[in-house]
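Asks: After the sequence you'll find the predicted model.
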Amino acid sequence: MRALKRSDLAQLKGILNRLKLAGSFTRDEVVCAMELLQIVLDQPEQKDYLVLVAEKPQGVVGYILYGPVPVTSGNFDIYWIATDPSVQGEGFGRLLMEAAERDMCERGARMICLETSSKGSYQRTRSFYDNAGYLQESVIADFYTPGDDRITYVKRFA
């Protein structure tokens with residue numbers, strides 16, 4: 001795992017677009033994800049977003065974007081985690097999650113939160129979070145769109 005570099009953007013956009021084609025992300029989600037990556041690169045003084053990138057010898061295969069939640073004590077959010085569909089199942093998502101969790105713990109995390117959709121197409125994502133030790137703590141009905149609930153998962157430390 002390593003920090004984000006400007007030269008990663010094209011490969012990460014390609015990964016997000018392949019995930020969009022696979023039904024994992026919408027066009028608007030890809031736009032938002034790219035905006036956040038751009039903020040990390042263009043505003044090095046900002047402290048809201050941190051990024052780790054996973055790569056193979058052939059290139060970038062995924063990333064995770066997370067950060068401390070403002071005006072809380074020891075709370076962090078994971079905003080995005082994405083791995084190229086061609087390497088899903090090879091453990092890169094787990095490695096990204098573990099590396100980010102270690103970093104957040106070193107920064108004083110006592111709680112990590114993340115959210116996802118209730119749609120059937122997100123079942124694999126929810127299973128990934130379950131297997132990573134995250135517990136479902138809340139559901140907001142019809143949050144994203146009517147019939148698409150927001151599910152919040154939490155992992156607590158100490």
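Replies: That came through fine.
Asks: quick one: the helices in this structure?
Replies: Along the chain, counting by DSSP state H, helices occupy 9-21, 27-42, 92-106, 123-131.
Asks: can you pull the buried residues of stretch 115-135?
Replies: Judged by neighbour count using 16 or more other Cβ atoms under 10 Å, the buried positions of stretch 115-135 are 115, 116, 117, 118, 122, 125, 126, 128, 129, 132, 134. Using the backbone N, CA and C atoms, a C-beta is placed for each residue, glycine as well.
Asks: Stretch 15-32 now?
Replies: 15, 16, 19, 20, 24, 25, 29, 30.
Asks: nearest to residue 103, of those?
Replies: Nearest to residue 103 out of the buried residues of stretch 15-32 is residue 15 (Cβ to Cβ; 21.0 Å).
Asks: Without its sequence neighbours, what residue ends up closest to that closest one?
Replies: Closest residue to residue 15 apart from its sequence neighbours, by Cβ to Cβ, 6 or more residues apart in numbering: residue 84 at 4.6 Å.
Asks: what's the burial count for residue 53?
Replies: 20 (other Cβ atoms under 10 Å).
Asks: from what I can see it touches residue 6, true?
Replies: No: if you go by Cβ atoms under 8 Å, residue 53 and residue 6 don't touch, sitting 11.6 Å apart.
Asks: Stretch 85-95: end-to-end distance?
Replies: Length of stretch 85-95, first residue to last, Cα to Cα, to the nearest Å: 16 Å.
Asks: buried stuff in that stretch?
Replies: Neighbour counts over stretch 85-95 (16+ other Cβ under 10 Å) mark 87, 88, 92, 93, 95 as buried.
Asks: which residues does the third one contact?
Replies: With contacts defined as Cβ atoms under 8 Å, 6 or more residues apart in numbering, residue 92 is in contact with 54, 61, 62, 83.
Asks: Name the nearest residue to the last one, ignoring sequence neighbours.
Replies: The spatially closest residue to residue 83, leaving aside those adjacent along the chain, is residue 62, at 3.5 Å (Cβ to Cβ, 6+ apart).
Asks: Now for the one you found: which residues touch it?
Replies: Taking Cβ under 8 Å, 6+ apart, we find residue 62 in contact with 15, 53, 54, 81, 82, 83, 84, 87, 92, 93, 96.
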